[in-house]
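Engineer: Fold the following, please.
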Amino acid sequence: MKHFRAGLCFLMMIWAMAEVEADKKPKAFSSGTHFPEYHDYGSSAPEPDRDDPLHPMLGIPVENRQQMEKKCKNITRIRYGYSAKWTDAPFQVSIRRLDLDRWESFGMGHYCSGSIIANNAILTSGSCLKGQGRAEIGVVVGTLNRRKAILEATQLLFPANIIVHPRYLSENDPRFDIGLVLTSRRMEIGPKVAKIKIDLNAPSARTKCKTYGWGITSEFGADYTDCLQRAALSIVDRRDCRSLTTEYITNSTLCARSSLDSDPCTADLGSPVVCNGKLSGIVTRKDGCEGTAHADTHMSLFQHKQWIKKLLTEYHVRSDDDADSGARLVYTSRIYVAMGVFAFILGTCIF
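Structural biologist: Next up, the predicted model:
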């Protein structure tokens, strides 16, 4: 009986110690319980090398993060722009059509971008979401190359809700070209997947800003860039903007002029306009790549901040750090519980 009790105590102590050690390790996808089969891309997809490690969610070969950034370094897409680094836009997401991703290859379904404003909320252009069903699109976060994945950051998320501004009717009326994707599970936030705060103030004229995207190579190009690109913008006063564009100027217009002839192009729709480190606008209505002689009209978030706040409240989405604090609290509690069980078992076995 003594030997049985000692053996049982020993096994329970090992279990408690294992729980503590398990909680110390980062969990790349701890909030997900099941991932649908996503690696069947059809006969046109190349067969992965058997020696290549596969992404547990996507079923595709993974790439080292340093290698990905290095390969992207010399690729230019946003006209005279530069390839983005991991630290530039960890809030950037790729919105894609799942049928193309599945049956052609990973990344081929990309058609719009968006920005992470909460653990399960993506802000993008309304034109990117109008007419799209929840089963038709997915959101990929944590990659610089839209066609590749890294083990510690890349995640695929599916929409739980797709919300387009109720007053957005068509591309001909840009005043309400804004939408929100609420994902079915929380994404894992980290150095390469991060939230961006919404600017509560409208940026003033001549404010230096940045935008990012995976859009087409040029005005007459047909292919999207693989690597995320960045470009510099300068805010233009709306009164001056009228002489630089033929677009309809409204109170919701954020007018920006590209620097060094760099310019967002088609398929950069939904991309962020970042001023002073905050999300100030969304790239909308991009039909070409005009460069410095032309001003682009983007969607100003300042005019829609109350609508965004109302939605986040209605769907109980926390855009601040409370959600992360809650996750850390659960994480810490599990360690304390395991340590408490360990101490109880040890005391029982000794006395």
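Engineer: What segments of the stretch 1-150 of the chain are helices?
Structural biologist: Taking DSSP state H, counting those that start in this stretch to define them, one finds helices in the stretch 1-150 of the chain at 2-24, 65-72, 98-103, 126-129.
Engineer: Now the lengthiest strand in the chain: average pLDDT?
Structural biologist: For the chain, the longest strand by residue count, based on DSSP state E, is strand 110-118. Strand 110-118 shows a mean pLDDT of 95.
Engineer: before we move on, what about stretch 59-66?
Structural biologist: Here the average pLDDT along stretch 59-66 is 81.
Engineer: which ones are touching the nearest residue to P53 once chain neighbours are set aside?
Structural biologist: Setting aside the residues directly before and after it, P53 is nearest to V62 in space (C-beta to C-beta, 6 or more residues apart in numbering), at 5.5 Å. C-beta here means a position set from N, CA and C on the backbone, and glycine is covered the same way. Going by C-beta atoms under 8 Å, 6 or more residues apart in numbering, V62 touches D52, P53, L54, H55, K148, A149, I150, L151, T154.
Engineer: same deal with P159?
Structural biologist: Residues near P159 by C-beta under 8 Å, 6+ apart: R134, I137, G138, V139, V181, L182, T183, S184.
Engineer: okay but the second one is in contact with S94, surely?
Structural biologist: No: under the contact definition of C-beta atoms under 8 Å, I137 does not touch S94, with a separation of 10.5 Å.
Engineer: and the two? which has more neighbours close in?
Structural biologist: S94 (27 against 22; other C-beta atoms under 10 Å).
Engineer: residues in contact with that one?
Structural biologist: Taking C-beta under 8 Å, 6+ apart, we find S94 in contact with G107, H110, S113, V139, V140, V141, T143, R146, W214.
Engineer: Which of those residues ranks first by neighbour count?
Structural biologist: S113 (31 neighbours).
Engineer: What distance do you get for it to R167?
Structural biologist: Distance from S113 to R167, counting by C-beta to C-beta, to the nearest Å: 23 Å.
Engineer: Quick check: Q132 touching I162?
Structural biologist: Yes: shown here, Q132 and I162 form a contact pair, counting by C-beta under 8 Å, at 6.1 Å.
Engineer: what about Y248, is that helix, strand or coil?
Structural biologist: Following DSSP: H, G, I helix; E, B strand; the rest coil, Y248 is assigned to coil.
Engineer: give the contact list for the nearest residue to it once chain neighbours are set aside.
Structural biologist: In space, and not counting its chain neighbours, Y248 is closest to P174: 6.2 Å by C-beta to C-beta, 6+ apart. Going by C-beta under 8 Å, 6+ apart, P174 touches E247, Y248, T250, S252, T253, T284, R285, T297, M299.
Engineer: any low-confidence regions in the stretch 151-300 of the chain?
Structural biologist: Scanning the stretch 151-300 of the chain for pLDDT under 70 picks out 216-223, 259-267, 285-293.
Engineer: Please, where are all the strands along it?
Structural biologist: With DSSP state E, counting those that start in this stretch as the criterion, the stretch 151-300 of the chain has strands at 155-157, 159-164, 179-183, 208-213, 229-235, 253-258, 272-275, 278-282, 295-300.
Engineer: Can you say which of those is nearest to I117?
Structural biologist: Closest to I117 of these is strand 278-282 (C-beta to C-beta; 7.0 Å).
Engineer: Show me the contact partners of that closest one.
Structural biologist: So strand 278-282 is in contact with 91, 115, 117, 123-125, 177-178, 196-199, 202-203, 209, 254, 256, 270-275, 298-302, going by C-beta under 8 Å, 6+ apart.
Engineer: Looking at the contacts of S94, spot the one nearest D237.
Structural biologist: Closest approach between the contacts of S94 and D237, by C-beta to C-beta: S113, at 26.3 Å.
Engineer: Could I get the contacting residues of that closest one?
Structural biologist: Counted by C-beta under 8 Å, 6+ apart, S113 has contacts 92-95, 124, 212-214, 268-272, 283.
Engineer: Name the nearest of those relative to E314.
Structural biologist: T124 (18.2 Å).
Engineer: Which pLDDT value belongs to that closest one?
Structural biologist: In this prediction T124 is given a pLDDT of 97.
Engineer: heads up, I number from 21, so please use that
Structural biologist: Fine by me, first position is 21 from now on; the one you just mentioned is T144.
Engineer: My read is that it contacts F111, right?
Structural biologist: No: T144 lies out of contact with F111 (C-beta under 8 Å); the separation is 11.8 Å.
Engineer: so what sits against both of these two?
Structural biologist: S135.
Engineer: State the distance from A276 to I255.
Structural biologist: Applying C-beta to C-beta, the value for A276 to I255 is 6 Å.
Engineer: anything in contact with each of those two?
Structural biologist: Common neighbours of A276 and I255 (C-beta under 8 Å, 6+ apart) are C229.
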